[in-house]
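> Okay, here's the prediction I keep looking at, along with the sequence it came from:
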Amino acid sequence: METWEAGHPRPGDGFCCVSICVKTNDNDLRAMVLDLLEYDPADGTFRWLRSGRGRRAGEIAGTLIDSGKGGRKYWRLRINNRFYKAHRIAFLIMEGWLPEMVDHENGDSTCNVWSNLRAATSLQNARNRRVHSNNALGVKGVIRTNGRFRVRIHAGRNINVGWFDDLDEAKAAYEAAAKMHHGEWARAAA
């Protein structure tokens, strides 16, 4: 574990903004996690290995919290007085490193089954998002204008896929464009 004092540059990321900053590398954190928790990749649960501070050995670890983003929830773990998203700790346990972001392939942020998790960038994660709750049509990438349906997709820039008279055609066009431009990260239009 490395520490830096306020105002002194940290290697690679500028200046520290609190009185003492503590940086734990992935290997130190992984060792600490493996000493405290057991992860079951088949059902995505974490269990405490030892009792202490209001927890019992064998008890399910973590708290289901609201992310504040559209009602989505996720599991959060407290390790050494610091909070971590459980899906990131699952990735650390299984792969030995923390990616920029962890994507839930099925879109369920509470499902930490190992086969549902994959390393992602924020752009890849955004491509796998569900349709927004305020979407009037309930179809991703489609808007209604003057009785017709316009399909657009973002792939580095906004791409106009086309105009359609039928919502089902528009939905199919979005899904084809998503597969072409987003590949494995494409999510169905509805």
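Good, I have the coordinates.
> in this structure, which segments are predicted with low confidence?
By pLDDT under 70, the weakly predicted segments of the chain are 1-24, 69-70, 188-190.
> Give me the contact list for the lengthiest helix in it.
Secondary structure of the chain per DSSP state H: the longest helix is helix 167-182. Under the criterion C-beta atoms under 8 Å, 6 or more residues apart in numbering, residues 127, 137, 139-142, 149-151, 153, 155, 159, 161-162, 164, 186-190 lie in contact with helix 167-182. For the C-beta atoms, the positions are set from N, CA and C on the backbone; glycine is no exception.
> can you check stretch 36-48 too?
Here stretch 36-48 makes contact (C-beta under 8 Å, 6+ apart) with 49-50, 55-62, 75, 77, 79, 86, 89-90, 93-94, 111-116.
> Look up phi and psi at residue 52.
The phi/psi pair for residue 52 (degrees, to the nearest 10) reads phi 150, psi 150.
> who does it bridge with?
Beta-bridge partners for residue 52, by DSSP bridges, are residue 55.
> can you check residue 84 too?
Beta bridges link residue 84 to residue 77 when assigned by DSSP bridges.
> what residues are up against it?
Taking C-beta under 8 Å, 6+ apart, we find residue 84 in contact with 76-78.
> Residue 180 and residue 71, how far apart?
Distance of residue 180 to residue 71, computed by C-beta to C-beta, to the nearest Å: 31 Å.
> between these two, who's got more neighbours?
Taking other C-beta atoms under 10 Å, residue 180 and residue 71 do not tie; residue 180 has more neighbours (13 against 8).
> quick one on the thing from earlier: for the longest helix of the chain, which positions count as buried?
167, 170-171, 173-175, 177-178, 181-182 (16 or more other C-beta atoms under 10 Å).
> circling back to that earlier point, tell me the buried residues within the contacts of stretch 36-48.
Buried by 16+ other C-beta under 10 Å: 61-62, 75, 77, 79, 86, 89-90, 93, 111-114, 116, out of the contacts of stretch 36-48.
> and those residues, which of them are in helices?
Mapping those onto helices (DSSP H) picks out 86, 89-90, 93.
> would you turn these into CSV with distance to residue 122?
Shown next, in CSV, are those (distance: C-beta to C-beta, whole Å):
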residue, distance to residue 122
86, 19
89, 19
90, 19
93, 23
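> what's the closest of those to residue 35?
Nearest to residue 35, judged by C-beta to C-beta, of those is residue 93 at 11.6 Å.
> from the chain's centre, how far out does stretch 86-99 sit?
12 Å (C-alpha atoms, centre = their mean, to the nearest Å).
> what ranges do the strands span in the chain?
Using DSSP state E, the strands assigned to the chain run over residues 2-5, 20-23, 37-40, 45-48, 63-66, 73-79, 82-85, 101-104, 117-120, 142-145, 148-154, 158-164.
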